[in-house]
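A.B. asks: Turn this into a structure:
(6 chains)
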Protein chains: 6
Amino acid sequence: MGRLNPVEYADASAEVRAVYDDIKTSRNVADVNNFWKYLAHDPKTLRRTWESLKEIMAPGALDPLTKEMIYLAVSTSNGCGYCIASHTAAARKAGMTDAMFGELMAVTGMANETNRLVNGYRVPIDPAFD
Amino acid sequence: MGRLNPVEYADASAEVRAVYDDIKTSRNVADVNNFWKYLAHDPKTLRRTWESLKEIMAPGALDPLTKEMIYLAVSTSNGCGYCIASHTAAARKAGMTDAMFGELMAVTGMANETNRLVNGYRVPIDPAFD
Amino acid sequence: MGRLNPVEYADASAEVRAVYDDIKTSRNVADVNNFWKYLAHDPKTLRRTWESLKEIMAPGALDPLTKEMIYLAVSTSNGCGYCIASHTAAARKAGMTDAMFGELMAVTGMANETNRLVNGYRVPIDPAFD
Amino acid sequence: MGRLNPVEYADASAEVRAVYDDIKTSRNVADVNNFWKYLAHDPKTLRRTWESLKEIMAPGALDPLTKEMIYLAVSTSNGCGYCIASHTAAARKAGMTDAMFGELMAVTGMANETNRLVNGYRVPIDPAFD
Amino acid sequence: MGRLNPVEYADASAEVRAVYDDIKTSRNVADVNNFWKYLAHDPKTLRRTWESLKEIMAPGALDPLTKEMIYLAVSTSNGCGYCIASHTAAARKAGMTDAMFGELMAVTGMANETNRLVNGYRVPIDPAFD
Amino acid sequence: MGRLNPVEYADASAEVRAVYDDIKTSRNVADVNNFWKYLAHDPKTLRRTWESLKEIMAPGALDPLTKEMIYLAVSTSNGCGYCIASHTAAARKAGMTDAMFGELMAVTGMANETNRLVNGYRVPIDPAFD
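C.D. replies: From the prediction side, this is the model:
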């Protein structure tokens, strides 16, 4: 009835191992992090989530650092402890400095504040924005 | 008992006008948007919010476009309609292209999805992230 | 497939009318507001919600104005437009002044900001608070 | 100033014991779980919450397993760690299999993603849905 | 700077049309709803979201009605107006009766209430759930 | 890549020390709590947050206890564990009794419940509230 256990590579099915292998190659890491080891309990969700994430986080109109910082801003706003820890690490790896982290937090905090001021004051959308 | 009305410049106190003037000068706009005209019902909150926003959104370790996109990601995640409209406009003005907007939304959506997968699977933080 | 319609008194069952009557008497109003007219589609939820609300919002260790302001703070934080409108009206009726509204919004906004700063900086609970 | 302690049966008032007894009988358990032992600090909230939960979670148009899975989906979306743990256990007890859990998480995650895509793209409601 | 417009079939690229066609065939509808017409501004997100949704919402360990109700519960909890409207319609189409809708709302509301009671009372997870 | 460490007074810059000193004097405490020791990694955010909080939480149209309870209601609703712990302590210090805490939680829980009932039933705003 309790917690699930992580699915380690040695115990994983061929389908799960294929995803793990692709993550390890794509990210150049020795092992996948816990997120994937828990999703592995549902191989379809594991595969779909990895394929989606790989497509979304690839360099494009936005660079990987900007994408990681956006991911961290959302995770911070939502209060997901694991996600904050893992995406802080990922953003650091992608080049986020202490100063950038500080400004990212400041913007995230301020957005949460003004979102509520807007709600409470019931501010109508300006025609210029609509 | 109903909605407040916006505080227009012509009807504003000297204290409120001073903030409006600073916003107009700083942003090079002819009039302030509704957010400020509603906050003006509480001049202290008007002034404090403007001073904070001016400090936080100034160019620093992160450029203004990145800051606007983070603001938009958080507002989108929180579902604040006014904030989404106004910060989409602000991000566009700062240089956000259609392609950047698309990727910003994709990352914001994906972060919201994986935040919940992490919650539900009760994923423990990897020692490497802690 | 579309929206529900409000259940008006004239069309309501005896069970629903009994709740409407109690709301009207308790609040000294001529008609119930839309919230109740929609909940009336599920008479058990109508009755249970009214009984709970009547018990919770009654004067106790906290006075009705304080309770209405807490209700408004939470509704503002959650971005529920109807709830913000109806509980602003209720708080005004219970004595909330413009100045109190302004401070309520300021606290609500600030709490939302610092909640996220705490999340992002991963601040551990001080032993004194635990 | 710190945490509350759980109210154990031996130390509980008659009013609290009556609720504990009803929970134990209704659920056929030897002891109530922590949620109730903390709510017991406010006997009115303890009783009201239990009476509401008993009414809402009883078999009706929806079966108990479906109700537990909805409860778990909402708790996962909100990130309430205790609620995720307790309602995962309750859903398992009501018959949720590993495959059902996997699909429940997949739907919960996807709903959170598309909710934000809708917000950010500012999608207007189709007339057919309104 | 304002809102996007929906991408109608007549104006869509071949890539977008292919997704629209698959949605129309899979759902047996004459036209796609607005959600897809707005996502079409980012064809990769359009395709990825549709492929994910098709996989997740297919009958499996959970039937389509249960999945739609979970989607609606999460969307209701998050306050996404469009999503509530469209998934209420989808759940109705899949067989949700008025009584089922009423119970779904009751569970969703109650989960949101007890999630917060748990937070505020700082309830520790029972060993049996962990 | 991991967690930040708290910035202790002995290791703090003059700018940070000045804020710490003001907090200690204003609150008559021997040391600042962890929130400030983590924000100190970004001295501008430290100073701005403290100045804002000092202005917002000062006695005004609302007394300090009411403000602390609103802060706690919002933090509870948002599920910020640190904030719940620290503002419970602050509210207790400002005079919150056990009975007041119980009612505060009851209102916070109920508001979260009815916010979602309103969302799901799509209740339109009564003209009287608009």
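A.B. asks: what residues does chain A put near chain C?
C.D. replies: A:72, A:76-77, A:79, A:81, A:84-85, A:104-105, A:108-110, A:112-117, A:119-122 (C-beta under 8 Å from any C-beta of the partner chain). Backbone N, C-alpha and C define where each C-beta goes, glycine included.
A.B. asks: again, only this time at 10 Å
C.D. replies: A:72-73, A:75-81, A:84-85, A:88, A:101-102, A:104-106, A:108-122 (C-beta under 10 Å from any C-beta of the partner chain).
A.B. asks: Minimum distance to chain D, which residue of chain A gives it?
C.D. replies: Nearest to chain D, among the residues of chain A, is residue A:42, at 3.3 Å (C-beta to the nearest C-beta).
A.B. asks: Would you confirm that that residue contacts residue D:107?
C.D. replies: No - Residue A:42 is beyond contact range of residue D:107, at 11.6 Å (criterion: C-beta atoms under 10 Å).
A.B. asks: and the angle for the longest helix anywhere in chain A with helix C:98-121?
C.D. replies: Counting by DSSP state H, the longest helix found in chain A is helix A:98-121. Angle, helix A:98-121 to helix C:98-121, by axes from the mean of the first three to the mean of the last three C-alpha atoms, to 10 degrees: 150 degrees.
A.B. asks: Now helix A:98-121: buried residues?
C.D. replies: Of the residues in helix A:98-121, A:100-121 count as buried by neighbour count, 16 or more other C-beta atoms under 10 Å in any protein chain shown.
A.B. asks: most centrally placed residue in chain A?
C.D. replies: The centroid of chain A falls nearest to residue A:71 when counting by C-alpha atoms, centre = their mean (4.7 Å).
A.B. asks: which element is that one on?
C.D. replies: helix A:64-78 (DSSP states H and E).
A.B. asks: name the helices or strands packed onto that helix?
C.D. replies: helix A:43-57, helix A:81-93, helix A:98-121, helix B:64-78, helix B:98-121, helix C:98-121 (3 or more C-beta pairs under 10 Å, 6 or more residues apart in numbering or on different chains; DSSP states H and E).
A.B. asks: switch to 6 Å and redo it
C.D. replies: helix A:81-93, helix A:98-121, helix B:64-78, helix B:98-121, helix C:98-121 (3 or more C-beta pairs under 6 Å, 6 or more residues apart in numbering or on different chains; DSSP states H and E).
A.B. asks: Tell me which residues are up against the fourth one.
C.D. replies: I take that to be helix B:98-121. Residues from elsewhere that reach helix B:98-121, judged by C-beta atoms under 6 Å, 6 or more residues apart in numbering or on different chains: A:38, A:56, A:60-62, A:67, A:70-71, A:74-75, A:78, A:80, A:82-83, B:69, B:73, B:76-77, D:76-77, D:79, D:105, D:108-109, D:112-113, D:116-117, D:120, E:42, E:45.
A.B. asks: Then the shortest one?
C.D. replies: Counting contacts by C-beta under 6 Å, 6+ apart, the residues outside helix A:81-93 that touch it are A:68-69, A:71-72, A:75-76, B:115, B:118, B:123, B:125, B:129, F:1.
A.B. asks: taking those as a set, which two sit the farthest apart in space?
C.D. replies: A:69 and B:123 (21.5 Å; C-beta to C-beta).
A.B. asks: More neighbours: which of the two?
C.D. replies: It is residue A:69, of residue A:69 and residue B:123, that has more neighbours when counted by other C-beta atoms under 10 Å in any protein chain shown, with 31 against 25.
A.B. asks: can you pull the contacts of that one?
C.D. replies: Residue A:69 neighbours (C-beta under 6 Å, 6+ apart): A:91, A:104.
A.B. asks: Could you measure from it over to residue B:67?
C.D. replies: Per C-beta to C-beta, to the nearest Å, residue A:69 is found 10 Å from residue B:67.
A.B. asks: next one: residue A:51
C.D. replies: 31 Å.
A.B. asks: Kindly report the same for residue A:118.
C.D. replies: Taking C-beta to C-beta, one finds residue A:118 at 18 Å from residue B:67.
A.B. asks: swap in residue A:101?
C.D. replies: 13 Å.
A.B. asks: now swap in residue A:83 and tell me
C.D. replies: Residue A:83 is 21 Å from residue B:67, by C-beta to C-beta.
A.B. asks: And residue A:1, what's its pLDDT?
C.D. replies: Note on residue A:1: pLDDT of 48.
A.B. asks: Enumerate every residue touching the residue nearest to the centre of chain A.
C.D. replies: A:87, B:107, B:111.
A.B. asks: Please identify which of those is nearest to chain C.
C.D. replies: residue A:87 (10.3 Å).
A.B. asks: For that closest one, grab the count of nearby residues.
C.D. replies: 27.
A.B. asks: any idea of the pLDDT on it?
C.D. replies: Note on residue A:87: pLDDT of 98.
A.B. asks: since we're on the nearest residue to it once chain neighbours are set aside, how many residues are nearby?
C.D. replies: Excluding its sequence neighbours, the residue lying closest to residue A:87 (C-beta to C-beta, 6 or more residues apart in numbering or on different chains) is residue A:72, at 4.3 Å. When neighbours are defined as other C-beta under 10 Å, residue A:72 has 29 of them.
A.B. asks: where does chain A dip in pLDDT?
C.D. replies: Applying pLDDT under 70 to chain A picks out residues A:1-2.
A.B. asks: how about a cut-off of 90?
C.D. replies: A:1-3, A:130 (pLDDT under 90).
A.B. asks: ok and the residue in it nearest chain F?
C.D. replies: Using C-beta to the nearest C-beta, the single residue of chain A nearest to chain F is residue A:102, 3.2 Å away.
A.B. asks: ok, now how distant is that residue from residue D:23?
C.D. replies: For residue A:102 relative to residue D:23 (C-beta to C-beta), the value is 48 Å.
A.B. asks: cool, and residue A:61?
C.D. replies: 55 Å.
A.B. asks: Please say which of those two ends up with more neighbours.
C.D. replies: Ranked by neighbour count (other C-beta under 10 Å), residue A:61 and residue D:23 place residue D:23 first, with 19 against 14.
A.B. asks: Who are the contact partners of that one?
C.D. replies: So residue D:23 contacts residue D:32 (C-beta under 6 Å, 6+ apart).
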